[in-house]
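Visitor: this is the structure alone, sequence omitted:
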Ligand SMILES: CC(=O)CC(=O)SCCNC(=O)CCNC(=O)[C@H](O)C(C)(C)COP(=O)(O)OP(=O)(O)OC[C@H]1O[C@@H](n2cnc3c(N)ncnc32)[C@H](O)[C@@H]1OP(=O)(O)O
C-alpha cells in the first residue's frame, strides 16, 4: 500500500522503528532514510602494499616500507575502490608518471560516480519506503567528476526523476561535502513544506591514482587512507506516520579558516588531480574545533538557558564526526575530553570503508542507526557498565574539508533509546 507521499505503508521495519522513535518537532528537517553503495573492488588493507607497488611498477624499498607503516596506522581494514586490474590493463598510462591522462580518468570517474550514486539513492529510497516520484529536490555532492551538464542531471536521468525536480550540485567540497549537502537539503526541506529532498554523495580516487614519489609523501597517506563509494539520504519535514525519522537537523553552520587554503590543496592537471595534504591538518582541526562546536551548541535551548543540570555538555552528546584520519579523531577526543567510545561510529566507518570523502558521514550516521537498532532489539537490555557510552538525544554532525572548512549540524538522534540507559 502506498500513501499520498509515496511511502510504502507495508515496510515493517519502518513501522517498528517509527513506533519507538522520539517525537520530531514540526517544521524541522529530518533525515528520513540513509543508503550507501560501493564499487566492486574490495581492497583488504593487508594486500595494499604489494598490489600498489606492483601496479605502479615501483621498487623503492623506502617508499614500500613507509606505505606498509601507514597502512597499519591509518586503522583502515577494508575499502572499496573503482580502480581495478581491468582498468589498468585498458589504460596502462594511468600507472605512469607525467602523462596527460585527465580525459581517460574523467571518462572512468564520471561514469562510476553516477552508477554508485544511483545505487546508493535506490537503496536509500527503498529504506525510506517511498517512491522516486515523490522526490521534489535533488542535492548531489561530488569532487570526483567534471563535466556539464553536471552529475546532478545524470543522476536525475538515471533515477528517472521528474524533469521538474529542482537540482543543486556541490562540486569540489571534498570531505566536508556530505555535511554541506545535509545543510542545503535541510534549507530546501524547511523552506518548501511537503518537499522530499534526495541527497546523494559519490566519490572515487581514480583521478588521483599515480605512482609514489619521495617528493610527495602525502600521496602515500592517501593510498593508505582513501576509499571510494556513494551515500544517500532522504530529508523532509513533518514525517507522516508511515515515515521513520532518524535524525532531526537543527542549526547548521559553515566556517572557513583564513590562511589555511593550501593545507588541503587539490588541482586538476593534465595528469589527473594533484592532491596535497598538509601534515599540520590534525593540529589545525584540534586548535579550532572547540570554538566551532561551542557556536553550534549555543543553538540548543538548554545550552542557551542559564547554567543547570540540563546544560548540553560534550559527554551528554553524540558525536558523528567525519573520520578524516585517526590523528584527527584522536586530537579531537583529547581537545574536547571525549570518552573513547564517543567516536565509535566514526572509527568503525574508517575501519570498514576508509576515508571516502563526502560519503563517509553517511556511513557514520548509518552506524549510529544500526547501533540504536541493535540496542532496541536486544532481548534483555544489558545494564550499562558504569562509565559506558550511552545513547544521547542531542549531538553534532561534523566534517572538515578544503578551505579549511568546518561544516557542522546540531542534531537530535530520534532513534536514541534514552530509557534503556
Ligand atoms: C579530502 C578532504 O577534503 C578532507 C580530508 O579528510 S583530507 C584527509 C585528512 N586526513 C589526514 O590528513 C590524515 C591525518 N593523519 C593521520 O591520521 C596520521 O598522521 C596518519 C594515520 C596518516 C599517520 O599516523 P602515524 O603513522 O601514527 O604517525 P605520523 O607521525 O602522523 O605519520 C607517519 C609518517 O607519515 C608522514 N605523514 C603524515 N601525514 C602526512 C602528510 N599529510 N603528508 C606527508 N607525510 C605525512 C609523517 O611525516 C611520518 O613520516 P616518517 O615516518 O617518514 O617520519
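Guide: Noted; the coordinates are in hand. None of these values were measured; they are calculated from a predicted model.

Visitor: burial count for residue 50?
Guide: Per other Cβ atoms under 10 Å, the neighbour tally for residue 50 reads 11. Where C-beta positions appear, they are placed from N, C-alpha and C, glycine not excepted.

Visitor: in three-state terms, label it for me.
Guide: helix (DSSP: H, G, I helix; E, B strand; the rest coil).

Visitor: assumed residue 188 was part of a helix.
Guide: Yes. Under three-state DSSP, residue 188 falls within a helix.

Visitor: and it, what is it in contact with?
Guide: 137, 139, 166, 168, 195, 197, 235 (Cβ atoms under 8 Å, 6 or more residues apart in numbering).

Visitor: the same query, at a cut-off of 6 Å, please.
Guide: By Cβ atoms under 6 Å, 6 or more residues apart in numbering, the contact set of residue 188 is 137, 197.

Visitor: how much space separates it from the ligand?
Guide: 23 Å (Cβ to the nearest ligand atom, to the nearest Å).

Visitor: can you tell me how far that residue is from residue 59?
Guide: Residue 188 is 52 Å from residue 59, where distance means Cβ to Cβ, to the nearest Å.

Visitor: also residue 281?
Guide: Distance from residue 281 to residue 59, by Cβ to Cβ: 30 Å.

Visitor: and those two? which has more neighbours close in?
Guide: The residue with more neighbours, out of residue 281 and residue 59, is residue 281; 21 against 9, by other Cβ under 10 Å.

Visitor: from residue 325, how far off is that one?
Guide: For residue 281 relative to residue 325 (Cβ to Cβ), the value is 8 Å.

Visitor: next up, the contacts around the closest residue to residue 126 other than its chain neighbours.
Guide: Leaving aside its chain neighbours, residue 126 sits nearest to residue 35 (7.4 Å; criterion: Cβ to Cβ, 6 or more residues apart in numbering). Counting by Cβ under 6 Å, 6+ apart, residue 35 makes contact with 120, 123-124, 127, 232.

Visitor: kindly confirm my reading that residue 35 forms part of a strand.
Guide: Yes. Counting by three-state DSSP, residue 35 is located in a strand.

Visitor: quick one, phi psi at the closest residue to the ligand within the stretch 301-421 of the chain?
Guide: At 2.6 Å from the ligand, residue 325 is the closest residue in the stretch 301-421 of the chain, using Cβ to the nearest ligand atom. Dihedral pair for residue 325: phi -180, psi 160, per degrees, to the nearest 10.

Visitor: can you check the one 3 residues further on too?
Guide: The main-chain torsion angles of residue 328 are listed as degrees, to the nearest 10 and equal phi -70, psi -40.

Visitor: quick one: pLDDT of it?
Guide: In this model, residue 328 is scored at 98, pLDDT.

Visitor: my guess is it contacts residue 285. True?
Guide: Yes. Applying Cβ atoms under 6 Å, one finds residue 328 in contact with residue 285, separated by 5.5 Å.

Visitor: if we can go back for a sec, which positions are bridged to the residue nearest to residue 126 in the beta structure?
Guide: residue 232 (DSSP bridges).

Visitor: which of the contacts of residue 35 has the most neighbours?
Guide: In terms of neighbour count, residue 232 stands highest of the contacts of residue 35 at 31 neighbours, by other Cβ under 10 Å.

Visitor: which residues of this protein lie near the ligand?
Guide: Proximity of the chain to the ligand (Cβ under 6 Å from any ligand atom) is limited to residues 66, 69-70, 73-74, 174-175, 217-218, 221, 264, 277-279, 281-282, 324-328, 355, 357, 401-402.

Visitor: among those, which ones are in strands?
Guide: 264, 277, 401 (DSSP state E).

Visitor: could I get the residues you listed in CSV, plus columns for pLDDT, neighbour count and distance to residue 202?
Guide: Below are these laid out as CSV (pLDDT from 0 to 100; neighbours: other Cβ atoms under 10 Å; distance: Cβ to Cβ, whole Å):
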residue, pLDDT, neighbour count, distance to residue 202
264, 96, 23, 19
277, 95, 19, 21
401, 97, 25, 16
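
Visitor: include distance to residue 226 when you put the residues you listed into TSV, please.
Guide: Shown next, in TSV, are those (distance: Cβ to Cβ, whole Å):
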residue	distance to residue 226
264	12
277	10
401	13
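
Visitor: against which helices or strands is the longest helix anywhere in the chain packed?
Guide: Within the chain, and with DSSP state H defining each element, the longest helix by residue count is helix 102-128. The contact analysis (3 or more Cβ pairs under 6 Å, 6 or more residues apart in numbering; DSSP states H and E) places helix 102-128 against strand 30-37, helix 151-159, strand 197-203, strand 229-236.

Visitor: tabulate the ones you listed (CSV), appending mean pLDDT.
Guide: Formatted as CSV, the helices and strands packed on helix 102-128 follow (pLDDT from 0 to 100):
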stretch, mean pLDDT
strand 30-37, 98
helix 151-159, 98
strand 197-203, 98
strand 229-236, 98
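
Visitor: residue 410: which of the ones you listed is closest?
Guide: Nearest to residue 410, of all the helices and strands packed on helix 102-128, is strand 30-37, at 13.5 Å by Cβ to Cβ.
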